[in-house]
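1. Need coordinates for the below:
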Amino acid sequence: MQPLIPKLTVLAAALLCASGAVAAGADKSGPLINKAVIEQEAGKTVYWVLPGPRRLSEEVFGTPANPKRTLAPILAEVDKPPIRALLEKLPILVAAPEAARGTNQAGTAYTGFQQPTPFSDKARPLPPDQSGHFRTTLLDRVAEDQPGKPGDTPDEVLLDTWFHDPAGNKYRLEFDHVVQPPFPGYATQGGVFIDGWLHGTTGTGSPLMPKEYTRGAWWGIVHLYINGEQVDTKVAHLMTTEVVRKRDYSLALDEGVPLSRDERHIPDQDHHTHLIVMPIKPTPQGPVFEPVQTAFELPNGQNQPFIHMMFEEDRIVEWELGGQ
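-> Sure thing, here's the model as predicted:
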C-alpha cells in the first residue's frame with residue numbers, strides 16, 4: 001500500500017510511557033475496529049528536530065495572489081475563547097499566517113514560513129548509546145470523533161518510551177489519556193487514527209507537514225520526565241507514516257511525496273515515526289500555550305520549547321484492520 005521566543009510563540013503544530021490511564025467518563029469496553037502495535041528498539045537511528053523555518057508548498061498554501069490556509073477564515077469558525085487564544089498564539093496548528101510568509105523577489109511565489117517551527121530541515125542525529133526507544137499500542141474503537149470534551153473517547157493508547165536530547169539529558173513520557181484535538185477541520189477518528197492521511201491539505205494536523213499516508217497516529221496528554229524528575233504535562237502527538245525525510249534529512253513538500261526509494265533517508269525503510277510534545281498545556285478551561293520544559297539550550301540561550309523526535313527504523317509489530 002502506498003501506502004516558536006517571541007517568534008517561538010508561533011511554533012507549531014500537530015498537537016492535542018508505560019501507562020494506559022484514561023479520561024474519566026469515557027467507556028473503554030467497546031469492541032476494537034482497528035489495532036496497531038509499533039516500536040523501535042534502542043540503539044537505532046533517532047533524530048532530535050531543531051527549530052527552524054519551513055519551505056512552503058504551493059499546493060497547500062497557494063501564491064501571494066491566491067493564498068490558501070490563512071488563519072482568519074479558520075478563526076471565524078471558532079466559538080470557544082480558549083481555542084481562539086491558542087490558535088492566535090500557535091497558528092500553524094491549522095494555518096500559516098501571511099505576515100510570516102516569505103516571497104520571491106518578484107512577489108509571485110512563497111518561499112517559506114520564516115519563523116521557527118518544529119518542522120524544519122534541521123535535526124541532530126543521536127549516538128546509538130543515547131538515542132531512544134518506543135513501543136506504542138493503539139486501540140481504535142470509533143471511526144469518527146465523539147461529542148463532548150476532548151477526552152470523551154473510547155480509544156486507548158499504551159506507550160513506553162525514552163530518548164535523549166543532543167546534550168545527553170534523558171527524557172521519558174508517561175501517557176495519561178487520549179484526546180480529540182478541538183480544532184476546526186480536524187478529524188482524528190476519536191483520537192486514535194489508523195490507516196489514512198494526515199497533514200498537508202487534509203485539514204487534520206499542521207499544514208506545514210506534507211500530506212502523508214499514516215499507518216497509525218494518536219493525540220494525547222503526557223507527563224514529561226527529564227533525568228528521572230517529572231517536569232511537565234503537555235499534549236503530544238505520535239504518528240507512523242510513509243517516509244517524508246530525504247537523504248539529506250530535509251522535509252519533503254507535498255509536491256514531492258511519495259519519495260522514491262532512493263530519495264528516502266534510509267532507502268530500505270518505507271515508514272518512520274514522529275513523536276512531538278507541543279507547547280500546549282491542558283487545563284479545565286481548555287488548552288493554553290505554554291512552552292515545554294525541556295533541558296536543551298538553543299544558541300539563543302533559551303531552552304527549546306517543544307520536543308520533536310524522529311524514529312527512523314521503526315517496526316510495525318501488529319496491524320489489524322476491521323476488527324480482525
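
2. For this protein, which helix extends over the most residues?
-> Ranked by residue count and defined by DSSP state H, the top helix of the chain is helix 81-89.

3. Helix or strand next in line after that helix, which one?
-> With elements assigned by DSSP states H and E, the helix or strand that comes after helix 81-89 is strand 101-103.

4. what are the phi and psi angles of residue 200?
-> phi 60, psi -130 (degrees, to the nearest 10).

5. so who does it touch?
-> 57, 59-60, 207, 209-212, 254 (CB atoms under 8 Å, 6 or more residues apart in numbering). C-beta coordinates here come from the backbone N, C-alpha and C atoms, glycine included.

6. Select only the buried ones of the residues you listed in ChimeraX?
-> Here is the ChimeraX command that selects the buried residues among those (16 or more other CB atoms under 10 Å):
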select :57,60,207,209,210,211,212,254
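
7. Filter the contacts of residue 200 down to the ones in strands?
-> residue 212 (DSSP state E).

8. Make sure residue 222 is indeed in a strand.
-> Yes: counting by DSSP: H, G, I helix; E, B strand; the rest coil, residue 222 is part of a strand.

9. any idea how far residue 121 is from it?
-> Distance of residue 222 to residue 121, computed by CB to CB, to the nearest Å: 26 Å.

10. what about those two, which has more around it?
-> Just comparing residue 222 and residue 121: by other CB atoms under 10 Å the higher neighbour count belongs to residue 222, 26 against 16.

11. surely the more buried one meets residue 234?
-> Yes: the criterion here is CB atoms under 8 Å, and residue 222 meets it with residue 234 at 6.3 Å.

12. so what sits against both of these two?
-> What both residue 222 and residue 234 touch, as defined by CB under 8 Å, 6+ apart, is the set residue 277.

13. what's the longest helix of the chain packed up against?
-> The contact analysis (3 or more CB pairs under 8 Å, 6 or more residues apart in numbering; DSSP states H and E) places helix 81-89 against helix 71-75, strand 288-289.

14. May I see the buried residues of that helix?
-> 83-84, 86-87, 89.

15. and what of stretch 239-251?
-> So stretch 239-251, judged by 16+ other CB under 10 Å, has buried residues 239-246, 249-251.

16. Need the max-distance pair from those.
-> 240 and 250 (20.2 Å; CB to CB).

17. Off-centre distance for stretch 288-302?
-> How far stretch 288-302 lies from its chain's middle: 17 Å, per CA atoms, centre = their mean, to the nearest Å.

18. Show me what counts as buried in that stretch.
-> 289-296.

19. Could I get the pLDDT score of residue 29?
-> For residue 29, the pLDDT comes out at 73.

20. Residue 19 now?
-> 34.

21. same question, residue 296
-> So residue 296 comes in at 99 (pLDDT).

22. ok, back up a step: dump the C-alpha coordinates for the longest helix of the chain into CSV.
-> What follows is helix 81-89, C-alpha atoms only, in CSV (Å, rounded to 0.1, in the frame of the first residue of the first chain):
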residue,chain,number,x,y,z
PRO,A,81,-12.4,31.7,23.5
PRO,A,82,-9.6,29.3,24.8
ILE,A,83,-9.3,27.7,21.4
ARG,A,84,-9.2,31.0,19.6
ALA,A,85,-6.5,32.3,22.0
LEU,A,86,-4.4,29.2,21.4
LEU,A,87,-4.7,29.3,17.6
GLU,A,88,-3.7,33.0,17.7
LYS,A,89,-0.5,32.0,19.5
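
23. which residues touch residue 36?
-> By CB under 8 Å, 6+ apart, the neighbours of residue 36 are 137-138, 140, 194, 215-216, 240, 316, 318-320.

24. is it true that it lies in a helix?
-> No: in this structure, residue 36 is strand, not part of a helix, as judged by three-state DSSP.

25. Who does it form a beta bridge with?
-> For residue 36, the beta-bridge partners are residue 138, residue 319 (DSSP bridges).

26. quick one: the residue sitting furthest away from the middle of the chain and residue 112, what's the gap?
-> Relative to the mean C-alpha coordinate of the chain, counting by CA atoms, centre = their mean, the farthest residue is residue 106 (33.6 Å). Distance, residue 106 to residue 112, using CB to CB: 16 Å.
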